[in-house]
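**Q** Sharing a model prediction with you, sequence too.
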Amino acid sequence: MWTKEELVRLGDICLRHGVLVVSDEIHGDFTYPVHKHLVFADIKPEYQDITITCTAPTKTFNLAGLQISNIFISNQDIRRKLKKEIAASGYSDPNTMGIVACRAAYAYGEEWLTGLKEYLLGNLDYLREYLRQKLPQIWLVEPEGTYLAWLDFSALGLDDKALDEFITNQAGLWLNPGTIFGAGGEGFQRINIACPRAILEKALTQLEQAVRRL
């Protein structure tokens with residue numbers, strides 16, 4: 001999670017150089033204890049004039065199939081230009097089911113979201129403890145938010161091509177290789193823990209068995 005100090009440093013740089021900020025905050029609802037999501041445009045009033053804020057109920061409430069999202073733009077000129085481009089692309093009219101689901105999720109979904117976050121925290125605890133006890137070669141980068149955990153596989157001594165082959169063909173898993181996120185992602189894999197605990201247990205068991213065969 002970005003701290004206020006980090007956001008101010010970034011925002012001030014963007015102000016000085018006339019940089020437009022597209023702030024993708026779609027995972028903002030998923031934070032772990034002691035961490036808080038801060039909306040970039042709210043940090044300073046002047047940031048609102050250079051910011052396009054993107055959110056959605058799709059990650060939070062598992063509504064991605066309904067293709068609904070929210071875009072907040074305070075700057076009237078930027079808003080006008082974006083609306084023109086959206087209309088030209090043919091996406092100016094969201095589907096009715098998506099609109100209804102979005103309203104329902106935000107109006108009545110708090111209890112469900114609270115339960116989901118508790119379940120995700122349990123999955124994270126399970127992942128952390130499993131790695132500590134049975135897969136100490138793999139290091140969890142402690143997440144501050146989201147249900148996507150970053151795992152360091154560098155201790156296995158595999159290059160990225162070999163690591164991808166190992167994850168897919170030996171462990172029978174489909175993780176996201178760190179290299180798709182750019183330089184610095186070498187040796188890492190990303191795992192999605194937003195799943196039933198039984199699925200996470202099965203995945204980690206397969207991973208453990210594959211590591212033992214190395």
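**A** Yep, that arrived.
**Q** could you say what helices and strands the strand or helix carrying residue 189 packs with?
**A** Here residue 189 sits within strand 188-192, counting by DSSP states H and E. Judged by 3 or more C-beta pairs under 8 Å, 6 or more residues apart in numbering; DSSP states H and E, the packing partners of strand 188-192 are strand 148-152, strand 176-177. In this view, the C-beta of every residue, glycine as well, is placed from N, C-alpha and C.
**Q** Is it possible to get CSV of those strands that adds mean neighbour count?
**A** As requested, the helices and strands packed on strand 188-192 are exported to CSV (neighbours: other C-beta atoms under 10 Å):
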stretch, mean neighbour count
strand 148-152, 18
strand 176-177, 18
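**Q** For residue 161, which of those strands is the nearest?
**A** Nearest to residue 161, of all those, is strand 176-177, at 9.4 Å by C-beta to C-beta.
**Q** Could you report the neighbour count for residue 37?
**A** By other C-beta atoms under 10 Å, 14 other residues sit near residue 37.
**Q** check contacts around it.
**A** In this structure, residue 37 makes contact with 1, 25, 28, 29, 31, 145, judged by C-beta atoms under 8 Å, 6 or more residues apart in numbering.
**Q** related to what we said a few turns ago, quick check: mean pLDDT across the next helix or strand after the strand holding residue 189?
**A** Using DSSP H and E, the helix or strand that follows strand 188-192 in sequence is helix 197-213. What helix 197-213 shows for mean pLDDT is 98.
**Q** helices and strands around helix 197-213, which ones?
**A** So helix 197-213, by 3+ C-beta pairs under 8 Å, 6+ apart, packs with helix 110-134.
**Q** Could you list the buried residues of the helix it packs on?
**A** 113, 116, 117, 119, 120, 123, 124, 127, 130, 131 (16 or more other C-beta atoms under 10 Å).
**Q** gap between that helix and the chain center?
**A** Centroid separation between helix 110-134 and its chain, computed with C-alpha atoms, centre = their mean, to the nearest Å, is 15 Å.
**Q** What is the subsequent helix or strand relative to that helix?
**A** strand 139-141.
**Q** residues of that following strand that come out buried?
**A** For strand 139-141, by 16+ other C-beta under 10 Å, it's 139, 140.
**Q** same deal with stretch 34-41?
**A** Counting neighbours by 16+ other C-beta under 10 Å, stretch 34-41 gives 38, 39, 40, 41 as buried.
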